[in-house]
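[1] 3D, please:
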Amino acid sequence: MEPKHLSELAGLYADHIGRGLFTVAARVGVHSRTFTQLRDGKGCHVGTYHQALTWFAANWPTDLEWPRHIPRPPKAKKEAA
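    Next comes the predicted model:
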């Protein structure tokens, strides 16, 4: 678990959709400053990390490659069906 991974995912996703980190945070369902704080070297709660990582894994655009150095969580059972 590395907070810099969330920061990187949020930045890539924001660039891809042409929106800012506050918009990404709203879509993910985390506090509006989560990704800017991570970008600035601050941390986040474990629950926030897992919520965001799970959201990114489930909603990652098909035309954007997931970064290879960031482990992607498996899909939830109901999503995989």
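
[2] Every contact and neighbour count from this point should use C-alpha atoms.
    Will do.

[3] show me what contacts the spatially closest residue to residue 20 that is not a sequence neighbour?
    Of all residues not flanking residue 20 in the chain, residue 14 sits nearest, at 5.5 Å (C-alpha to C-alpha, 6 or more residues apart in numbering). When contacts are counted by C-alpha atoms under 8 Å, 6 or more residues apart in numbering, residue 14 is found next to 20, 21, 23, 24.

[4] In helices, which of the residues you listed appear?
    Among those, the members falling in helices are 21, 23, 24 (criterion: DSSP state H).

[5] what's the burial count for the last one?
    The one in question is residue 24. 21 (other C-alpha atoms under 10 Å).

[6] which stretch of helix or strand covers the nearest residue to it once chain neighbours are set aside?
    Residue nearest to residue 24 in three dimensions, not counting chain neighbours: residue 14, with 6.3 Å by C-alpha to C-alpha, 6+ apart. In this assignment (DSSP states H and E), residue 14 forms part of helix 3-17.

[7] before we move on, the earlier item: so how far is residue 4 from the residue nearest to residue 20?
    For residue 14, the distance to residue 4 equals 15 Å [C-alpha to C-alpha, to the nearest Å].

[8] Please apply the same query to residue 45.
    For residue 45, the distance to residue 4 - C-alpha to C-alpha - is 13 Å.

[9] Those two: which is more packed in?
    Neighbour count, other C-alpha under 10 Å: between residue 45 and residue 4, residue 4 has more, with 17 against 10.

[10] I'd like to check which residues are in contact with the residue lying closest to residue 22 once chain neighbours are set aside.
    Counting by C-alpha to C-alpha, 6+ apart, residue 32 is the residue found nearest to residue 22 once chain neighbours are left out, at 5.1 Å. Contacts for residue 32 (C-alpha under 8 Å, 6+ apart) come out as 21, 22, 23, 25, 26.

[11] thinking again about what came up before, check the offset of the helix holding residue 14 from the chain's centre.
    6 Å (C-alpha atoms, centre = their mean, to the nearest Å).

[12] Which pLDDT value belongs to the residue nearest to residue 24?
    Residue 14 carries a pLDDT value of 97.
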